[in-house]
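Peer 1: Next comes the sequence, and after it the predicted model I'd like to discuss.
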Amino acid sequence: MNTQYQDIYPNQVRGLIQRLFDFFGTHNIESALKSYEKSLVSSGSIYREYYLRKRHPWWEAILAFRALEAEGKAIKRHMTADLKRLAGDARKILILQKLMSTKVREKYKRDLLDENRAFDFLFEIQTAWHYFLKGYQITWYDEDGRPDFKVNTPTFDFDVECKRLTVDASRKIRRRDFYRLLDLLLPKLDSLGLCGSVDIILSDRLHSNTPHLQSIALAVYELAKAQPEDMVNTDFGEVTLKLERKPSRSIDMHQMYMDLWDRKPPESHAVIFASAQNDRSVDPIEILVRSNKSERIVDGIKTKIEEAALKQLGDSRPGLIACFLEDVNDLSSLAKESSLQLMSSYVLNKPENSHLAGVLYRSELRVIDEPSTEHSSFQTLIFRNPQCKFEEAKGFAFASRELEF
């Protein structure tokens, strides 16, 4: 396995980021940052921190880099996880772009700075990087209607089509509306000096209009003051509160998030807020919101996968569809007896898709910040095609850390 590009050392970070600026052009980065900073000014604090700041994978790290440079501080002595990730992305791009045609390279220069498309194309880079590190040759396609790239292994070649699947638009509770609700609700709960958990099960969808969000926040606030012992039915759904006065009790935020991801339904949104005290997280409040209405997310995913199988991937060599599931943190519950498994199996078992080796799904990067450390991880789930006509593709390790079914 080719490992020469795996580790990044602190003294390499500044040079890699500077070279990334040169690749895109400093003027283009400055223009994109101005637009981003303008959007931050008029947003609520939680919406800003949890939504806008995550719309693009690099802006916050670049702003931090520029601030350190302006103050004359050494990057290697003020290293953060964001700066190291930015340097890691820079190295992938700077190396892989050498394998691209001018047309493909210019496409990446344009789309990696677009806040609506950056994650799509960064996922392609990250997927190609996995195979590059294994010593395989990567060939990028620059024609329309073709896969993203071809991987040449010592025994066979296969094509890869990458898809970012945005499930948020199909959800009854959109992420941006969830954070707008939190902007209204959390200050009210904080004013009461409470911590604990708030579970909201909506009878319908979470609407985007401000009066709707305000009415929910006010109703939960009034319930929090009353401290009901059981679940309460409201005009918008069910509310269950388990709150107490803040006892200044420290918690393991990493373990608390792991427990939350284990039990929260995939279609729900949840977040944990905690105060910091002596470099420890204390007095957390957990808010989870979901809807009783069924969602049709899988139908949209199925359409995109079928189109990729028939329109992008040819049948002369094995094909892999690699999907990044935006806003999905945990794939464990989707591996067996789920609508995602049933849909994937349905697509793979179609005779016209016998060229498909499998469909791979990757979760969001799960990042948990604590006062003194950061934990991050993601999951990969692959459904293999038992009917694949290419025997050499069966059993091939298409991803590391994969859950296979």
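Peer 2: Noted; the coordinates are in hand.
Peer 1: Output the below-cut-off pLDDT ranges for the stretch 301-405 of the chain.
Peer 2: Counting by pLDDT under 70, the ranges of the stretch 301-405 of the chain that qualify are 333-337, 366-377, 401-405.
Peer 1: redo that, cut-off 50
Peer 2: 371, 402-405 (pLDDT under 50).
Peer 1: All the strands of it, residue numbers only.
Peer 2: 319-326, 356-362, 366-369, 374-377, 380-384, 402-404 (DSSP state E, counting those that start in this stretch).
Peer 1: Give the other helices and strands that the first one contacts.
Peer 2: This points to strand 319-326. helix 118-133, strand 157-166, helix 297-307, strand 356-362 (3 or more CB pairs under 8 Å, 6 or more residues apart in numbering; DSSP states H and E). In this view, the C-beta of every residue, glycine as well, is placed from N, C-alpha and C.
Peer 1: want to throw those into TSV with distance to Ile93 and mean neighbour count?
Peer 2: Written out in TSV, the entries for these read as follows (distance: least, CB to CB, whole Å; neighbours: other CB atoms under 10 Å):
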stretch	distance to Ile93	mean neighbour count
helix 118-133	6	20
strand 157-166	15	21
helix 297-307	25	17
strand 356-362	18	26
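Peer 1: To Asp230, which of those lies closest?
Peer 2: Between Asp230 and those, the shortest gap by CB to CB is with helix 297-307, which sits at 31.5 Å.
Peer 1: Can you tell me which helices and strands that closest one packs against?
Peer 2: Judged by 3+ CB pairs under 8 Å, 6+ apart, the packing partners of helix 297-307 are strand 157-166, strand 319-326, helix 339-348.
Peer 1: Tabulate these (TSV), appending distance to Thr26.
Peer 2: Below are these laid out as TSV (distance: least, CB to CB, whole Å):
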stretch	distance to Thr26
strand 157-166	27
strand 319-326	29
helix 339-348	42
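Peer 1: Quick one: closest of the ones you listed to Leu360.
Peer 2: strand 319-326 (4.7 Å).
Peer 1: Quick one: neighbours of the nearest residue to Val328 once chain neighbours are set aside, just the number.
Peer 2: Ranked by CB to CB, 6 or more residues apart in numbering and with sequence neighbours excluded, the top spatial neighbour of Val328 is Ser363, at 5.4 Å. By other CB atoms under 10 Å, 21 other residues sit near Ser363.
Peer 1: Please name the residues that touch Ser363.
Peer 2: Counting by CB atoms under 8 Å, 6 or more residues apart in numbering, Ser363 makes contact with Leu325, Val328, Asn329, Asp330, Leu331, Phe378, Gln379, Thr380, Leu381.
Peer 1: Kindly report the same for Lys304.
Peer 2: Residues in contact with Lys304 (CB under 8 Å, 6+ apart) are Lys163, Leu165.
Peer 1: For the stretch 1-150 of the chain, give me the ranges with low pLDDT.
Peer 2: Ranges of the stretch 1-150 of the chain meeting pLDDT under 50: 1-5.
Peer 1: again, only using 80
Peer 2: 1-7, 40-54 (pLDDT under 80).
Peer 1: residue ranges of the helices in it, please?
Peer 2: For the stretch 1-150 of the chain, the helices defined by DSSP state H, counting those that start in this stretch occupy 10-24, 26-41, 45-50, 59-70, 81-96, 102-111, 118-133.
Peer 1: what sits against the residue located most distally from the centre of the chain?
Peer 2: Farthest-out residue of the chain from its mean C-alpha position, per CA atoms, centre = their mean: Ala226, at 37.2 Å. Neighbour list for Ala226: empty [criterion: CB under 8 Å, 6+ apart].
Peer 1: do you know how far it is from Ser268?
Peer 2: From Ala226 over to Ser268 the distance is 25 Å, taken as CB to CB, to the nearest Å.
Peer 1: try His78
Peer 2: For His78 relative to Ser268 (CB to CB), the value is 37 Å.
Peer 1: Same check on Ser275?
Peer 2: 24 Å.
Peer 1: Let me know how buried the nearest residue in space to Phe21 that is not next to it in sequence is, in neighbour terms.
Peer 2: Distances taken as CB to CB, 6+ apart place Ile29 nearest to Phe21, at 5.9 Å, with adjacent residues excluded. Neighbour count for Ile29, taken as other CB under 10 Å: 18.
Peer 1: Report the separation between Ile29 and Ile17.
Peer 2: To Ile17, Ile29 is 11 Å away according to CB to CB.
Peer 1: what sits in contact with each of these two?
Peer 2: Shared contacts of Ile29 and Ile17, defined by CB under 8 Å, 6+ apart, comprise Ile62.
Peer 1: so which of the helices and strands packed on helix 297-307 comes closest to Glu143?
Peer 2: Taking CB to CB, strand 157-166 is the member of these nearest to Glu143, at 12.6 Å.
Peer 1: Adjacent strands (with direction) for that closest one?
Peer 2: Paired strands of strand 157-166, with direction, are strand 149-152 (antiparallel), strand 319-326 (parallel) (DSSP bridges).
Peer 1: where's the last one relative to the chain centroid, distance-wise?
Peer 2: Okay, so that is strand 319-326. Centre-to-centre, strand 319-326 and its host chain are 13 Å apart (CA atoms, centre = their mean, to the nearest Å).
Peer 1: Can I get that strand in CSV, CA atoms only?
Peer 2: The C-alpha trace of strand 319-326 is given here as CSV (Å, rounded to 0.1, in the frame of the first residue of the first chain):
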residue,chain,number,x,y,z
GLY,A,319,-18.9,-0.3,-12.0
LEU,A,320,-19.1,1.0,-8.5
ILE,A,321,-21.5,3.7,-7.4
ALA,A,322,-20.1,5.5,-4.3
CYS,A,323,-22.7,7.7,-2.5
PHE,A,324,-22.1,10.3,0.2
LEU,A,325,-25.3,10.5,2.4
GLU,A,326,-25.4,14.0,3.5
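Peer 1: which residues are in contact with it?
Peer 2: With contacts defined as CB under 8 Å, 6+ apart, strand 319-326 is touched by 119-120, 123, 127, 147, 158-168, 301, 305, 308-309, 313, 331, 355-364, 398.
Peer 1: got any ranges where the stretch 151-300 of the chain has weak pLDDT?
Peer 2: The stretch 151-300 of the chain contains residues with pLDDT under 80 at 166-171, 254, 261-262, 266-267, 276, 278-279, 294-300.
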